[in-house]
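Visitor: after the sequence you'll find the predicted model.
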Amino acid sequence: MKNVEIERKFLVKDESYKTLATHHYDILQGYIAKGEGRTVRVRIRGNEAFLTIKTAPQPSAIAHFEWERPITLDDAHELIKRCLPGVIEKRRWIIPAGEQNGHQQVWEVDEFLGRLSGLTLAEIELNAEDEPFVKPDFIAEEVTGNPKYYNANM
C-alpha cells in the first residue's frame, strides 16, 4: 500500500551498534500539530528538510500512514520556530541488517540528545508485517506500539 510505513521499535541495551554503523547524522525535529493519532512534523537532517504527516498505526501497531515531502532548509528553520514545545534532537546511526526477499534491511538507531539524553531506540522498517529480521545483540525490549516511545509524545 502506498504511503504506509511498517516498522518495529526496540530499546537499545548498549553502544555496540556504533561499531556496526556505516554512518550517522544529526536530526532536529518538531511537531507543528499533533492529536487524535495524527501528527504534522518538520525534520532537518543535515542539509535536507522534510514535512511529514503521520496517522496512528492502522490496522495494526506496526503499520501507519506516512506522507513525507522535501522542503527548503529556510522553510524548515522557520517552521521549527513555530513548533509545539519539545523539539527533539537526536543522532541517527545507520546499521545494515542484511537482505530479506530482495529488500535491504537497515537498523536506524536514534541516540537522543539534549533533554532526552540517555534514551536510545532502534527501528527497522519492513515491507510486510510478517517479514522476518535478525535482532542484533544491542537490541533489548520491543516497544512497538507503546505510545511512550512515539517521538510525538516525547
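Guide: Thanks, I have it. As the structure is a prediction and not an experimental result, all values here were calculated from the model. Numbering: from 1, shown residues only.
Visitor: in contact with residue 55, which residues?
Guide: Going by Cβ atoms under 8 Å, 6 or more residues apart in numbering, residue 55 touches 37-38, 64-65. In this view, the C-beta of every residue, glycine as well, is placed from N, C-alpha and C.
Visitor: repeat that for 10 Å
Guide: 3, 36-39, 64-67 (Cβ atoms under 10 Å, 6 or more residues apart in numbering).
Visitor: just the buried ones from those, in ChimeraX syntax?
Guide: Buried residues among those (16 or more other Cβ atoms under 10 Å), as a ChimeraX selection:
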select :39,64,65,66
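Visitor: among the contacts of residue 55, which two are most distant?
Guide: Greatest spacing in these, by Cβ to Cβ: 3 and 36 (18.7 Å).
Visitor: contacts only, for the residue nearest the centre of the chain.
Guide: The centroid of the chain falls nearest to residue 123 when counting by Cα atoms, centre = their mean (6.7 Å). Residues in contact with residue 123 (Cβ under 10 Å, 6+ apart) are 5, 7-10, 92, 106-110, 143-144, 149.
Visitor: please indicate which of these are buried?
Guide: Buried, going by 16+ other Cβ under 10 Å: 5, 8-10, 92, 107-110, 143, 149, out of these.
Visitor: nearest to residue 99, of the residues you listed?
Guide: Out of those, the member with the shortest distance to residue 99 (by Cβ to Cβ) is residue 107, at 13.5 Å.
Visitor: now the closest one, nearest residue through space, not along the chain?
Guide: residue 95 (4.1 Å; Cβ to Cβ, 6 or more residues apart in numbering).
Visitor: picking that back up, following element in sequence after the strand or helix carrying the residue nearest to the centre of the chain, please.
Guide: Taking DSSP states H and E as the criterion, residue 123 maps to strand 120-126. The helix or strand immediately downstream of strand 120-126 is strand 139-142, counting by DSSP H and E.
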